[in-house]
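Undergrad: sharing a model prediction with you, sequence too.
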Amino acid sequence: MSGTRWLLIETFGGGEPTVVGLGSAPRKFVPLTQMFRQRETLSAIRGAVAATLARLGSVDLVSEDGRRRTVTVPLHITPERVHAVLLWSGPVEEELPPRDRVGAWYFNLSTSKSTRSDDLLELYGVAPENRAREHAIAGVFARVITNSDESDALAKIVRSAPGTEHQAVWTVRRDDGALRAAHFSCRILEERTSAEGPEIFMRGVTHDIGDATEVSSAPPPVILEHRVLDAAAAEGDYRAIVDLRNLRLLRWMGPAMPGIAWQSLAGEPEPGIHPEDLGIAKAMSRDLAQSRTSGVLRLRKLDGGWKVVRARAVLMALDQYTTAALVTVRDPDLVD
């Protein structure tokens, strides 16, 4: 490998670690055996990764002949869990090159919550005093500009099949206004986290690969499908994609409805439909197989109360096998 670039090696679980970045160039889950043909080098790299995972900390190793140095930096999602390892290996006399920003994250697909590492919040440019690590999965889409694979990514979230992998380049809006091209890699895993039974996680890392205006694979500021939806929206309408299995929000298409609890941030009420209106929502979901549906529902507000909304839903295909609901909500007092 080149001594001037860092390797990004995912260690989510579910198999042998693989390479997902070489310098700022994304890689497609490349096995270490394909990156390193020489037995001694492969053994040294595997040993450095294994030592990093066992130690939950960095290693700085010099080969027995004193000629090669190998350095690692773990990317933690929790103090006890490493999602990836940044690794550099080169001549001992060579200086360590700068590292790209990389951050770890996971979606708990059983609860629709997302957890972010401090490294990822640093990549986002979030000030230390504003760093809420946990929020709703839907909150991720408020920060990113998706690419043409968005429907495929949402379909994988809905299906939540262990072993599923996904990679893409999306654009991140940093809090300082900068647009950065970010390559993310993730895998869905089933894990037993408590006596209550297994949960499904999507574990990943996000790698800042450069200025979004200079990376050709980064999506444009607004993709065509979003422009069409924005043009079709009436004043007072707020549109969301909803998972039909559990009636949970996947993402807002455009601005979120003001005053509604949806982000699952600390100190805010949990999002939800009023218990007395769940039957209406479930009936709307069932009837989507035959036609468009509508109904009046109460949604949890940020102040803990309930907001009455008129909801209209249409079935949308995420891929050949997976559907969701495109739901439009508005104040029932507004005239269509």
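TA: Looks like it came in fine. Numbering: from 1, shown residues only.
Undergrad: from now on I want contacts and neighbour counts done on CA atoms only, so please keep to that.
TA: Will do.
Undergrad: I figured residue 248 hits residue 242, correct?
TA: Yes - using C-alpha atoms under 8 Å as the test, residue 248 is close enough to residue 242 to be in contact (5.6 Å).
Undergrad: quick check: chain neighbours aside, which residue is closest to residue 190?
TA: Spatial nearest neighbour of residue 190, chain neighbours left out: residue 200 (4.6 Å); criterion: C-alpha to C-alpha, 6 or more residues apart in numbering.
Undergrad: show me where pLDDT drops low in this structure?
TA: 1-4, 195, 221-233, 334-336 (pLDDT under 70).
Undergrad: and the end-to-end length of stretch 166-182?
TA: 14 Å (C-alpha to C-alpha, to the nearest Å).
Undergrad: outside of it itself, list whatever touches it.
TA: Residues outside stretch 166-182 that contact it (C-alpha atoms under 8 Å, 6 or more residues apart in numbering) are 28, 123-126, 143-147, 149, 153, 183-187, 206-213, 215, 217-219.
Undergrad: buried stuff in it?
TA: By neighbour count on 16 or more other C-alpha atoms under 10 Å, the buried set for stretch 166-182 is 166-174, 179-182.
Undergrad: what about residue 193, neighbour count?
TA: 10 (other C-alpha atoms under 10 Å).
Undergrad: can you list the helices and strands that the helix or strand containing residue 53 packs against?
TA: Using DSSP states H and E, the element containing residue 53 is helix 39-55. Packing partners of helix 39-55 (3 or more C-alpha pairs under 8 Å, 6 or more residues apart in numbering; DSSP states H and E): strand 68-78, strand 81-91.
Undergrad: what's the most buried one of those?
TA: Mean neighbour count (mean count of other C-alpha atoms under 10 Å) peaks for strand 81-91 among those, with a mean of 23.
Undergrad: could you list the paired strands of that one along with their orientation?
TA: In the sheet, strand 81-91 lines up against strand 7-10 (antiparallel), strand 68-78 (antiparallel) (DSSP bridges).
Undergrad: got the ones you listed as JSON lines, with distance to residue 234 columns?
TA: Below are those laid out as JSON lines (distance: least, C-alpha to C-alpha, whole Å):
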{"stretch": "strand 7-10", "distance to residue 234": "44"}
{"stretch": "strand 68-78", "distance to residue 234": "41"}
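Undergrad: these: which one's closest to residue 116?
TA: strand 68-78 (7.0 Å; C-alpha to C-alpha).
Undergrad: got the angle for that closest one vs helix 39-55?
TA: If you take axes from the mean of the first three to the mean of the last three C-alpha atoms, to 10 degrees, strand 68-78 sits at 30 degrees to helix 39-55.
Undergrad: contact partners for the residue nearest to residue 287 when sequence neighbours are not counted?
TA: Spatial nearest neighbour of residue 287, chain neighbours left out: residue 293 (6.7 Å); criterion: C-alpha to C-alpha, 6+ apart. Taking C-alpha under 8 Å, 6+ apart, we find residue 293 in contact with 284, 285, 287, 312, 313, 314.
Undergrad: so who does residue 135 touch?
TA: Taking C-alpha under 8 Å, 6+ apart as the test, what residue 135 contacts is 113, 114, 115, 263, 264, 265, 266.
Undergrad: helix or strand for it, which one?
TA: strand 134-136.
Undergrad: who does that strand pair with, and is each partner parallel or antiparallel?
TA: Sheet pairing here is set by DSSP bridges, and for strand 134-136 it gives strand 113-116 (antiparallel).
Undergrad: roughly how far out does the helix or strand following the strand it pairs with sit from the chain middle?
TA: Where DSSP H and E defines the elements, the next helix or strand beyond strand 113-116 is helix 118-123. Helix 118-123 sits 13 Å away from the centroid of its parent chain (C-alpha atoms, centre = their mean, to the nearest Å).
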